[in-house]
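>>> no FASTA, just this:
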Ligand SMILES: Cc1cc2nc3c(=O)[nH]c(=O)nc-3n(C[C@H](O)[C@H](O)[C@H](O)COP(=O)(O)OP(=O)(O)OC[C@H]3O[C@@H](n4cnc5c(N)ncnc54)[C@H](O)[C@@H]3O)c2cc1C
């Protein structure tokens, strides 16, 4: 390492916190993982666990673990690590809001080699269904066990866990990463987990980021132990939330739509699609008092999420982890794991001179 690039800091190495901008699932999962590895952590964010603003995507997710198609081997591994962490939470800690559920996935077309089929190496009890076991309009179908995370439980749980491990939250909106450098002059490692915030932070302004509105229906029912997913041109799911005694019906993706209002045409369409997919769970006309609505803005990014390390002003490192669109929960703990390794690499360079 070039000695001229080394800055002497007053605070000892072990007392300089890693600073995370953003307290959604990505920021909080990363904080948990760093704290478990002995790092000191501070999270700065406008919205914190337990908040319910449409721009705080983590409050509104489905949130099912579903293998994504068309992703790289590294990205598959991030999902696999997430599955491992969530499974342990489901087994050990009901307060986490994570449950194991049955899944049935119906495919409109024969799966391509880079499709979601790779997920069969990760999930339990995977089997291909035989014709007659699934509706005849589909090409093929799979059954397996997967994980669903109830964000109304998981985010508050994770927030408390981070505090109990010694992490600190600061509620604050910032306009730039530079504001954080001024707030924490001793810190060398900064993680940008600001989701859609990366579009407007003055020293990030990532113009690949864009908002993608989701609007789901929550149906109260005790038939909440099987996930249905239609894989193909029509994007429809029924995601169980056993801890909240209901199912989430979706979905829609509306680019650049920021409306906080319930669109009743979408509600009717989602109920109709969900009824066709899972008629044993979703009645054709559910009673109004059994329905409520979920609206959230996904932090999407053209070309996929950004996971990246860069040096700024010589002595600081910014690790970026944002743009997870509709998959932030499925990637979360794997990304957190990768960020811990990136932080360790940076800190090694900071210490071994
Ligand atoms: C309807 C819906 C259904 C979904 N279903 C699923 C699913 O089934 N499975 C799945 O994996 N994912 C799902 N998702 C996607 C998932 O919710 C997101 O990918 C994930 O929550 C993104 O997490 P994040 O931490 O990156 O962003 P966010 O949760 O949006 O958090 C961003 C954080 O950064 C902070 N921040 C941003 N800018 C600033 C600033 N300038 N100053 C201070 N703080 C700032 C915010 O306050 C917040 O704390 C769904 C999303 C929606 C809306």
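Thanks, I have the structure now. This one's a predicted model, so the numbers in the text were calculated from it and none came from an experiment. Numbers count the residues shown, from 1 in each chain.
>>> Which pLDDT does the model give the residue in the stretch 101-250 of the chain that the ligand sits nearest to?
Here the residue of the stretch 101-250 of the chain nearest the ligand is residue 197; by CB to the nearest ligand atom that distance is 2.1 Å. To be clear about C-beta, it is placed using only N, CA and C from the backbone, and glycine gets the same treatment. pLDDT recorded at residue 197 is 98.
>>> Please apply the same query to the one 5 residues further on.
On pLDDT, residue 202 comes in at 98.
>>> The nearest residue to it once chain neighbours are set aside: what's it in contact with?
Spatial nearest neighbour of residue 202, excluding adjacent residues (CB to CB, 6 or more residues apart in numbering): residue 176 at 4.5 Å. Residues near residue 176 by CB atoms under 8 Å, 6 or more residues apart in numbering: 201-204.
>>> swap the cut-off to 6 Å and go again
Under the criterion of CB atoms under 6 Å, 6 or more residues apart in numbering, the contact list for residue 176 reads 201-203.
>>> Which one (most neighbours) among the residues you listed?
Neighbour tally across these (other CB atoms under 10 Å): the maximum, 20 neighbours, falls on residue 201.
>>> Reduced to three states, what does that residue come out as?
On the three-state scheme (DSSP: H, G, I helix; E, B strand; the rest coil), residue 201 is labelled coil.
>>> show me what contacts it?
residue 176.
>>> try 8 Å
Residue 201 is in contact with 174-177, 192, 194, counting by CB under 8 Å, 6+ apart.
>>> Return the subset of the residues you listed lying in helices.
Mapping these onto helices (DSSP state H) picks out residue 177.
>>> Separate out the buried members of the contacts of residue 201.
Neighbour-count burial (16 or more other CB atoms under 10 Å) is assigned, among the contacts of residue 201, to 174, 177, 192, 194.
>>> now the residues you listed in a markdown table, with distance to residue 48 and pLDDT?
A markdown table is the format used below for the buried ones among the contacts of residue 201 (distance: CB to CB, whole Å; pLDDT from 0 to 100):
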| residue | distance to residue 48 | pLDDT |
| --- | --- | --- |
| 174 | 14 | 98 |
| 177 | 19 | 98 |
| 192 | 17 | 98 |
| 194 | 13 | 98 |
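>>> from those residues, which are also near the ligand?
Among the buried ones among the contacts of residue 201, the ones lying near the ligand by CB under 6 Å from any ligand atom are 174, 194.
>>> among the buried ones among the contacts of residue 201, which are in strands?
Per DSSP state E, strands hold the following members of the buried ones among the contacts of residue 201: residue 192.
>>> tell me the helices in this structure, going along the chain?
Under the criterion DSSP H, the chain contains helices at 25-36, 73-92, 151-164, 177-183, 264-277, 328-351.
>>> was I right about residue 151 contacting residue 59?
Yes. Between residue 151 and residue 59 there is a contact at 5.8 Å, judged by CB atoms under 8 Å.
>>> So for those two, which sits in the more crowded spot?
Taking neighbours as other CB under 10 Å, residue 151 and residue 59 compare with residue 151 leading, 26 against 22.
>>> Which residue does the stretch 1-150 of the chain have closest to the ligand?
Closest approach between the stretch 1-150 of the chain and the ligand, counting by CB to the nearest ligand atom: residue 24, at 2.2 Å.
>>> Excluding chain neighbours, what is closest to that residue?
Leaving aside its chain neighbours, residue 24 sits nearest to residue 58 (3.8 Å; criterion: CB to CB, 6+ apart).
>>> What of residue 175?
Nearest residue to residue 175, sequence neighbours excluded (CB to CB, 6+ apart): residue 202, at 5.7 Å.
>>> which residues sit in contact with the one you found?
Contacts for residue 202 (CB under 8 Å, 6+ apart) come out as 175-176, 178.
>>> How about residue 133?
residue 141.
>>> Quickly note the distance from it to residue 140.
10 Å (CB to CB, to the nearest Å).
>>> and if you look at residue 283?
From residue 283 to residue 140 the distance is 27 Å (CB to CB).
>>> neighbour count winner among these two?
Using other CB under 10 Å as the criterion, residue 283 and residue 140 rank with residue 140 on top: 17 against 14.
>>> isn't residue 101 right up against residue 240?
Yes. If you go by CB under 8 Å, residue 101 and residue 240 touch, sitting 5.1 Å apart.
>>> how many neighbours does whatever residue of the stretch 251-353 of the chain ends up closest to the ligand have?
Nearest to the ligand, among the residues of the stretch 251-353 of the chain, is residue 328, at 2.2 Å (CB to the nearest ligand atom). The tally of other residues near residue 328 (other CB under 10 Å) stands at 25.
>>> which residue sits closest to it, ignoring its sequence neighbours?
Counting by CB to CB, 6+ apart, the residue nearest residue 328 is residue 25, at 5.3 Å.
>>> contacting residues for that neighbour?
By CB under 8 Å, 6+ apart, residue 25 lies in contact with 58, 61, 63, 151, 154-155, 158, 328-329, 332.
>>> per-residue confidence for it?
Looking at residue 25, the pLDDT reads 98.
>>> What parts of the stretch 101-250 of the chain come near the ligand?
Residues of the stretch 101-250 of the chain lying near the ligand by CB under 6 Å from any ligand atom: 173-174, 193-195, 197, 201, 214, 216.
>>> 8 Å - rerun?
Applying CB under 8 Å from any ligand atom, we find that the stretch 101-250 of the chain lies next to the ligand at 149, 151, 172-175, 193-198, 200-201, 212-216, 237, 239, 248, 250.
>>> Can you tell me which of the residues you listed are classed as buried?
Burial by neighbour count, judged by 16+ other CB under 10 Å, picks out 149, 151, 174, 193-198, 201, 212-216, 237, 239, 248, 250 from these.
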